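J.: what shape does this take:
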Amino acid sequence: MTPSRYRRPLMVLAAVVAVLSLIAVAAVMALAFAGSVAPAWITYTALYGLPVAFILMLVLVLDGVAARRRAGRAQQR
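T.: Have a look, this model is predicted:
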């Protein structure tokens, strides 16, 4: 699926997006607790960051499974 040179940057990107999204969720909750409204970009990051990170991680997992199957078939021959 993806060449191995893209796996690590995609993994780092997914982890960074997930961490930033969790920070945004915490900020939205803290601002709501304080009786304020979070800016739209923070709310947007909180709502869409985790699903994007999850999809990136899912792609990486599926790519790893496909790579192991390809490696297993090469050993059988």
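
J.: low pLDDT regions in this structure?
T.: Counting by pLDDT under 70, the chain contains low-confidence ranges at 1-4, 76-77.

J.: recalculate using a threshold of 80.
T.: 1-4, 72-77 (pLDDT under 80).

J.: quick one: the helices in it?
T.: For the chain, the helices defined by DSSP state H cover 4-33, 40-76.

J.: make JSON lines out of the ones you listed and add mean neighbour count.
T.: Glycine gets a C-beta too; all of them are placed from N, C-alpha and C. Output for those, formatted as JSON lines (neighbours: other Cβ atoms under 10 Å):
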{"stretch": "helix 4-33", "mean neighbour count": "14"}
{"stretch": "helix 40-76", "mean neighbour count": "13"}
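
J.: distance check, the residue nearest the centre of the chain against Ala24.
T.: For the chain, the residue sitting closest to the mean C-alpha position, by Cα atoms, centre = their mean, is Ala53 at 1.7 Å. The gap separating Ala53 from Ala24 is 12 Å, by Cβ to Cβ, to the nearest Å.

J.: now swap in Gly64 and tell me
T.: From Gly64 to Ala24 the distance is 28 Å (Cβ to Cβ).

J.: same check, this time on Val37
T.: 14 Å.
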